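Student: here are the coordinates; sequence isn't available:
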């Protein structure tokens with residue numbers, strides 16, 4: 001049986017184990033330097049994934065709560081950022097000059113279109129006229145001068161399938177699904193849904209043969225705490241060449257930092273291709289909404305798109321520094337909900353199985369934030385994101401075959417699991433993975449391959465009850 005350490009101020013008597021050649025028949029807090037509990041028992045405080053910044057919430061606004069302790073000024077900034085996040089931008093010129101400049105080509109009209117209620121986007125559905133949080137990254141083989149993906153001539157690095165009036169959109173997207181029927185060793189059947197994407201009705205030249213990567217928007221809770229992690233906290237788990245021979249070889253991505261004009265450790269995005277939360281937000285403004293910022297201030301229209309290129313803008317930049325400050329404060333201050341059902345025995349059993357299957361090797365929990373002057377409330381917090389923020393080979397089944405800085409076509413950043421059990425409550429769906437192909441947590445596990453192949457196969461060997469217990473644990477996060 002595995003054991004975990006618990007705080008010394010908990011008085012518990014345990015039947016002790018044979019340890020380093022010494023047997024203790026009946027031990028207590030007074031004669032042991034550390035106390036241990038089986039991993040299928042409750043650990044004091046484990047419901048708080050972000051130290052004292054975790055909030056108790058289970059309603060449909062659970063991803064929109066602010067962290068405790070904001071002062072009056074920051075509460076105003078938070079409210080203003082919340083408003084900007086949810087407001088729809090309009091094309092320029094417009095009477096609402098503070099919110100004009102959309103496009104001319106774009107994927108969505110508002111941040112909340114991709115992150116409804118600060119939550120998760122949905123997979124692409126051809127019947128959806130508006131964006132539900134889905135987009136496709138584009139590139140051609142090769143690297144740009146900063147080592148990143150090489151943009152596609154006439155299109156750029158992101159397909160924009162919407163446009164302002166009298167402007168041509170770049171193209172349309174189509175998806176078809178293949179359904180894969182499989183059976184667990186115990187005879188229980190399951191089904192996986194495999195998408196196949198195509199780009200049709202191209203307006204600026206053929207896109208046949210370009211590298212594509214479908215993406216859906218992730219929930220935005222806890223992003224400030226990730227931003228506040230020092231590099232060494234992430235790099236402590238790096239093991240690119242699997243020197244410890246455990247089959248897990250997490251790799252850091254190093255990407256272009258446009259704010260500091262240098263290469264930096266990547267933290268954000270499905271391939272860890274953004275180095276900071278501010279740049280992640282600016283990149284979304286530019287790529288998803290077609291809005292310029294002080295960070296990305298070039299015209300978003302490739303030169304062959306003449307109508308797009310000649311369209312009026314909404315200022316220079318279209319998103320002001322004050323607006324960026326408000327949105328950034330809002331995003332850094334979104335709290336992570338406390339876990340639910342964490343003392344139920346089936347959840348505790350699932351936690352033990354999660355650890356035994358080595359899921360914890362990538363979905364890690366032991367991090368501490370550093371100084372963070374933009375939002376000091378986030379400093380020196382112990383957090384359990386259930387992610388190592390490193391790149392891992394996830395196998396051919398999930399491969400997009402599109403490199404992104406140091407990430408190859410089979411590598412993805414480990415997705416944080418905090419909040420995963422509330423996605424259905426907030427967003428009314430349970431679609432997971434980078435393109436939403438998995439319709440629930442179980443399917444997401446069964447799509448794992450590469451470094452996670454062994455853990456997936458061990459999951460499949462579990463009894464039905466054990467599988468349900470593990471799923472209940474993940475849903476408690």
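Tutor: Noted; the coordinates are in hand. Note that the structure is predicted; figures quoted are calculated from it, not measured. Numbers count the residues shown, from 1 in each chain.
Student: where along the stretch 201-350 of the chain do the strands fall?
Tutor: Applying DSSP state E, counting those that start in this stretch to the stretch 201-350 of the chain gives strands spanning 211-216, 254-257, 262-265.
Student: any chance of the ones you listed in a markdown table, plus mean pLDDT?
Tutor: Converted to a markdown table, these look like this (pLDDT from 0 to 100):
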| stretch | mean pLDDT |
| --- | --- |
| strand 211-216 | 98 |
| strand 254-257 | 98 |
| strand 262-265 | 98 |
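Student: who wins for proximity to residue 236 among these?
Tutor: Of all these, strand 262-265 sits nearest to residue 236, with 12.3 Å by C-beta to C-beta. Glycine gets a C-beta too; all of them are placed from N, C-alpha and C.
Student: in the closest one, what's buried?
Tutor: Across strand 262-265, burial judged by 16 or more other C-beta atoms under 10 Å covers 264, 265.
Student: report all helices and strands that that strand contacts.
Tutor: If contacts are counted by 3 or more C-beta pairs under 8 Å, 6 or more residues apart in numbering; DSSP states H and E, strand 262-265 sits against helix 231-235, strand 254-257.
Student: and for residue 385, nearest residue in space, chain neighbours not counted?
Tutor: residue 416 (4.2 Å; C-beta to C-beta, 6 or more residues apart in numbering).
Student: quick check, that neighbour in contact with residue 388.
Tutor: No: between residue 416 and residue 388 there is no contact under C-beta atoms under 8 Å: 9.7 Å.
Student: thinking again about what came up before, looking at the helices and strands packed on strand 262-265, which is nearest to residue 411?
Tutor: That would be strand 254-257 among these, by C-beta to C-beta, at 13.2 Å.
Student: dump the strands of the stretch 201-350 of the chain to JSON lines, plus distance to residue 424.
Tutor: Formatted as JSON lines, the strands of the stretch 201-350 of the chain follow (distance: least, C-beta to C-beta, whole Å):
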{"stretch": "strand 211-216", "distance to residue 424": "15"}
{"stretch": "strand 254-257", "distance to residue 424": "32"}
{"stretch": "strand 262-265", "distance to residue 424": "33"}
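Student: hang on, the earlier thing: just say which of the helices and strands packed on strand 262-265 is most tucked in.
Tutor: Mean neighbours per residue, mean count of other C-beta atoms under 10 Å, is largest over these for strand 254-257, with a mean of 20.
Student: what lies in contact with that one?
Tutor: 146-148, 263-266, 272-276, 279, 405-406 (C-beta atoms under 8 Å, 6 or more residues apart in numbering).
Student: equivalent analysis for stretch 299-309, please.
Tutor: By C-beta under 8 Å, 6+ apart, the residues outside stretch 299-309 that reach it are 103-105, 153-156, 163, 166-168, 170, 204-205, 286-287, 290, 292, 311, 313.
Student: filter those down to the buried ones, ChimeraX style.
Tutor: Filtering the contacts of stretch 299-309 down to the buried ones (16+ other C-beta under 10 Å) takes a single ChimeraX command:
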select :103,104,105,154,155,156,163,167,170,204,286,287,290,292,311,313
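Student: among the contacts of stretch 299-309, which are in helices?
Tutor: Cross-referencing these against helices under DSSP state H gives 286, 287.
Student: contact partners for residue 225?
Tutor: Applying C-beta under 8 Å, 6+ apart, the residues near residue 225 are 50, 53, 336, 369, 378, 381, 383, 385.
Student: rerun that using 10 Å as the cut-off
Tutor: Contacts here follow C-beta atoms under 10 Å, 6 or more residues apart in numbering; on that basis residue 225 touches 49-51, 53, 67, 277, 332, 334-336, 367, 369, 372, 375, 377-379, 381, 383, 385, 416, 418.
Student: quick one, phi/psi of the closest residue in space to residue 246 that isn't next to it in sequence?
Tutor: Spatial nearest neighbour of residue 246, excluding adjacent residues (C-beta to C-beta, 6+ apart): residue 361 at 6.7 Å. Per-residue torsions, residue 361: phi -60, psi -40 (degrees, to the nearest 10).
Student: distance of residue 361 relative to residue 123?
Tutor: Shown here: residue 361 relative to residue 123, a distance of 28 Å by C-beta to C-beta, to the nearest Å.
Student: of the two, who's got more company?
Tutor: residue 123 (23 against 20; other C-beta atoms under 10 Å).
Student: still on that earlier bit, okay, now the residue nearest to residue 385: neighbour count?
Tutor: The burial count for residue 416: 26, using other C-beta under 10 Å.
Student: what ranges do the helices span in the stretch 101-250 of the chain?
Tutor: 111-114, 223-227, 231-235 (DSSP state H, counting those that start in this stretch).
Student: least trustworthy helix or strand in this structure by mean pLDDT?
Tutor: strand 22-23 (a mean of 32; mean pLDDT, DSSP states H and E).
Student: and stretch 91-101, what's buried?
Tutor: Buried residues in stretch 91-101 (16+ other C-beta under 10 Å): 91, 92, 98, 99, 100, 101.
Student: residue 340 is nearest to which of the helices of the stretch 101-250 of the chain?
Tutor: helix 223-227 (19.9 Å).
Student: can you tell me which helices and strands the longest helix anywhere in the chain packs against?
Tutor: Across the chain, the longest stretch assigned as helix under DSSP H is helix 72-86. In terms of contacts (3 or more C-beta pairs under 10 Å, 6 or more residues apart in numbering; DSSP states H and E), helix 72-86 is packed against helix 111-114, helix 321-332.
Student: orientation of the longest one relative to helix 72-86 in degrees?
Tutor: Read that as helix 321-332. Interaxial angle, helix 321-332 versus helix 72-86 (axes from the mean of the first three to the mean of the last three C-alpha atoms, to 10 degrees): 90 degrees.
Student: buried residues in helix 321-332, which are they?
Tutor: So helix 321-332, judged by 16+ other C-beta under 10 Å, has buried residues 323, 324, 326, 327, 328, 329, 330, 331, 332.
Student: does anything pack onto that helix? Which helices or strands?
Tutor: Applying 3+ C-beta pairs under 10 Å, 6+ apart, one finds that helix 321-332 makes contact with helix 72-86, helix 111-114, helix 223-227, helix 277-289.
Student: try it again with 8 Å
Tutor: helix 72-86, helix 223-227, helix 277-289.
Student: now the ones you listed in CSV, with distance to residue 393?
Tutor: Below are those laid out as CSV (distance: least, C-beta to C-beta, whole Å):
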stretch, distance to residue 393
helix 72-86, 34
helix 223-227, 22
helix 277-289, 24
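Student: adding distance to residue 425, write the helices of the stretch 101-250 of the chain out as CSV.
Tutor: Listed next are the helices of the stretch 101-250 of the chain as CSV, based on distance: least, C-beta to C-beta, whole Å:
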stretch, distance to residue 425
helix 111-114, 17
helix 223-227, 20
helix 231-235, 30
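Student: could the ones you listed be laid out in CSV, adding mean pLDDT?
Tutor: Formatted as CSV, the helices of the stretch 101-250 of the chain follow (pLDDT from 0 to 100):
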stretch, mean pLDDT
helix 111-114, 96
helix 223-227, 98
helix 231-235, 98
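Student: what about those helices, which gets the closest to residue 296?
Tutor: helix 111-114 (15.3 Å).
Student: which non-adjacent residue is nearest residue 358?
Tutor: Residue 358 sits nearest to residue 455 (C-beta to C-beta, 6+ apart), 5.3 Å away.
Student: which pLDDT value belongs to the one you found?
Tutor: Per-residue pLDDT puts residue 455 at 97.
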